[in-house]
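Enquirer: predicted coordinates and the sequence they were generated for:
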Amino acid sequence: MSLLPVENLYSQFPSLAGMLLDGAKIYVGEPGKDPETNPQAVFWSVEGGAAVTQPLDFLGGYAARAGAPALFYTRAAYSLRLREASGAELLFIANLQKPIPFVTGPAAPVAGSTMQIDWIMEDNSKPVEALGGYWNSNTYAAVAFSKEFTDTLTDKDTPAIGVLSYVAQNYDNPLSDGVAVMGVAEAWAEHATVFGANFIASGQPTAVHARYVGMEVDVQPATGVQPADGSAGVYVNVFNASIPGAVLQSAGLGATFGDGVKLGGIATTGAGLSMQSEAETIGSLVNTTIGQFADCAIRLGNGVQRGLAFSAATGGKANIYTDGDFLIAACPPSGFAIKTVGGASTLVYVSAADGSVDIQAGGALKIAGLKVAGARQTGWTAMSGTAVKGGLNTESVTLPELARIVKALIDERFAAGGVGA
C-alpha cells in the first residue's frame, strides 16, 4: 500500500508583516497586462463552471467563497495583483506561467456537441471538448491538447505552435529517415475507414478576415548545400494494393476554391506537370471528358510561351499558339503534316521551305462540299504559237485570235499544275 503526505490544498496569502490577510482583494488578468483593467476569466471549478466575480475576497489568508476557503482556476498564463483591505498594493506579477496538467475529459460524448476525451491538457477559453460540434454524431479522442494564443504570447511573422516535434538526424545513412511526426491509422474491421491525417483550418464568426490554410509544407535546406536526388515537397506512395481513388482530390462541400492548383517556384527547365519516368504508363495526362466547363476545358494565353509545344525524340520542336488574331503553327524544319492514325500515310503536307501544300493522291480541295481542285488531269500537250490574254472584241474576233486566247488559258492551267502530259 502506498501512503501519500497530507497537504493543504488551499493557497495562503500573508501580509508583508506575516499576518494572514482578511478583507484583501486579489485580481487575475491577462498576462502582461494590468489585471484590474484587463481581467481574465476565473472559475471556482477546474472544468470552467461557476464563474468568479472579481476581485476575489480573502478570509484568514485564503480566497473565500461563501465564507469558506476555496480553490479558484484560470488559464495557465495570467497576471496577478493583491491589495490589502486598505487598498494598498501588496503584490503584482505581470506574467505567471504554470505547467498545464493533464485532466480527465468528458466520459461520454454528446452527438453534435461534446467530444468524449480520456485526457486533456488545456489552456483555452473554449473547452476543447466543444470541438465535437464539428460532427453530427458521437466523437471520441484519447488525448487532446488545447492552447489559446494572445498578442502577449506571439509576435508578428512568427508561428504560434500547438505541438512541436523536433528531430535531429545525426546518422550518416541515406536509408535512415528522420521523421518528426508519424501517425498510423490501421483498419481492423472489414468496412472501417482510416485517415492517415486530417487537418481542419477553422474559425469563429468574429474572424471575418482571417487567412485559412489547410496545410503548408516547407522544404528548407541550409544555404549553400546541394540537396540530393529524390528531394521533394510531398511524396504520396501506395503499397500492396491499387487504390481506385485519386492521388489528390478536392471537393466543395457547400463552398468552392478560387483555383484548383497554382504553381510557383518551379525551375525554368522544369515542368508544372510531368511523368516520373519513361517506365510509367497512364491513360492520359489530362482528362477533360468528365465534368462541365463554364468557359473552356483548357485555356491558353497569347504568345509562343503560352501555347503548346510538341517535342520530337530527335530534338525538334513545333509550337501552336495564338497572337490574339490568328492561330499559329510554328513548324519544324520539314513542315506541317496531317497523317492517318499511326502515321502510315500523309494526307496533307505544308512545306516549311516555300509554303506549298501537298494533298495525298486522290484528295481534292472542296468548298461547301463541292470540288474546286483535285489531282492533275493528264494527257494534255501544250499548244504552239502565240498566246494572247484577252483584249479582243467578241463581235469581230477571228478564229486565229480566239485560238491565241485558248492557248493562254491552257498555258495557265499547265503552269498551275491542273493539267499536264
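Expert: That came through fine. Residues are numbered from 1 along each chain as shown.

Enquirer: and the end-to-end length of stretch 258-265?
Expert: 20 Å (C-alpha to C-alpha, to the nearest Å).

Enquirer: for it, the distance to its chain's centre please.
Expert: 7 Å (C-alpha atoms, centre = their mean, to the nearest Å).

Enquirer: do stretch 274-282 as well
Expert: 23 Å.

Enquirer: distance of the residue nearest in space to the middle of the chain relative to R299?
Expert: Against the mean C-alpha coordinate of the chain, by C-alpha atoms, centre = their mean, the closest residue is V261 at 6.4 Å. In this view, V261 and R299 are 14 Å apart by C-beta to C-beta, to the nearest Å. For every residue, glycine as well, the C-beta is placed using N, CA and C.

Enquirer: do a quick rundown of the strands in the stretch 101-250 of the chain.
Expert: 102-104, 116-123, 140-147 (DSSP state E, counting those that start in this stretch).

Enquirer: could you report the pLDDT at G355?
Expert: With respect to pLDDT, G355 has a value of 83.

Enquirer: and I328, what element?
Expert: Using DSSP states H and E, I328 sits in strand 327-330.

Enquirer: what lines up beside the next helix or strand after that strand in the sheet?
Expert: Along the chain past strand 327-330, the next helix or strand (assigned with DSSP H and E) turns out to be strand 335-339. Strand pairing for strand 335-339, using DSSP bridges, gives strand 346-351 (antiparallel).

Enquirer: and the strand it pairs with, how far from the chain's centre?
Expert: 45 Å.

Enquirer: give me the mean pLDDT for that strand.
Expert: 87.

Enquirer: tell me the buried residues in it?
Expert: Along strand 346-351, these residues count as buried under the neighbour rule (16 or more other C-beta atoms under 10 Å): 349-350.

Enquirer: list of residues touching the next helix or strand after that strand?
Expert: Downstream of strand 346-351, the next assigned helix or strand under DSSP H and E is strand 357-359. Applying C-beta atoms under 8 Å, 6 or more residues apart in numbering, the external contacts of strand 357-359 come out as 346-351, 365.

Enquirer: which one of these is nearest to A309?
Expert: V350 (18.5 Å; C-beta to C-beta).

Enquirer: am I right that the closest one is in contact with F336?
Expert: Yes: counting by C-beta atoms under 8 Å, F336 is a contact partner of V350 at 4.3 Å.

Enquirer: excluding its backbone neighbours, what's nearest I410?
Expert: M383 (5.8 Å; C-beta to C-beta, 6 or more residues apart in numbering).

Enquirer: my bad, A187
Expert: Here the residue nearest A187, using C-beta to C-beta, 6+ apart, is V194, at 4.7 Å.

Enquirer: tell me which residues touch that neighbour, please.
Expert: 185-187.

Enquirer: same check on W119?
Expert: Here W119 is in contact with 102-105, 142-144 (C-beta under 8 Å, 6+ apart).

Enquirer: from these, pick the one nearest G272.
Expert: Of the contacts of W119, the one sitting nearest to G272 (C-beta to C-beta) turns out to be A144, at 39.9 Å.

Enquirer: from E36, how far off is that closest one?
Expert: Counting by C-beta to C-beta, the gap from A144 to E36 is 33 Å.

Enquirer: residue ranges in the stretch 51-200 of the chain under the pLDDT threshold?
Expert: 152-156 (pLDDT under 70).

Enquirer: using the three-state scheme, assign Q305.
Expert: In three-state terms, and counting by DSSP: H, G, I helix; E, B strand; the rest coil, Q305 is helix.

Enquirer: begin at 470 from now on, thanks
Expert: Yes, from this point I'll number from 470; that puts the last item at Q774.

Enquirer: what is the burial count for it?
Expert: For Q774, the neighbour count with other C-beta atoms under 10 Å is 9.

Enquirer: distance check, it against T738.
Expert: Distance from Q774 to T738, by C-beta to C-beta: 14 Å.

Enquirer: am I right that R550 falls within a strand?
Expert: Yes: using three-state DSSP, the assignment for R550 is a strand.

Enquirer: spatially nearest residue to G498 (excluding sequence neighbours)?
Expert: Per C-beta to C-beta, 6+ apart, closest to G498 is P504, 2.6 Å.

Enquirer: ok, that neighbour touching V497?
Expert: Yes: in this structure P504 lies within contact range of V497 using C-beta under 8 Å: 5.7 Å.

Enquirer: quick check: neighbours shared by those two?
Expert: Contacts common to P504 and V497, judged by C-beta under 8 Å, 6+ apart, are 547-549.

Enquirer: thinking again about what came up before, measure the residue nearest to the centre of the chain to Q774 for me?
Expert: Distance from V730 to Q774, by C-beta to C-beta: 19 Å.

Enquirer: before we move on, what about V866?
Expert: 62 Å.

Enquirer: how close does the residue nearest to V648 when sequence neighbours are not counted get to V817?
Expert: Nearest residue to V648, sequence neighbours excluded (C-beta to C-beta, 6+ apart): V636, at 6.7 Å. Per C-beta to C-beta, V636 is found 62 Å from V817.

Enquirer: just K786 next, same as before
Expert: For K786, the distance to V817 - C-beta to C-beta - is 21 Å.

Enquirer: now the strand holding I797: mean pLDDT?
Expert: 84.

Enquirer: cool, and stretch 740-756?
Expert: Rounded mean pLDDT across stretch 740-756 is 89.

Enquirer: ok, now stretch 726-734?
Expert: 91.

Enquirer: OK, contacts around the closest residue to G793 other than its chain neighbours?
Expert: Spatial nearest neighbour of G793, chain neighbours left out: N771 (5.1 Å); criterion: C-beta to C-beta, 6+ apart. Going by C-beta under 8 Å, 6+ apart, N771 touches 790-793.
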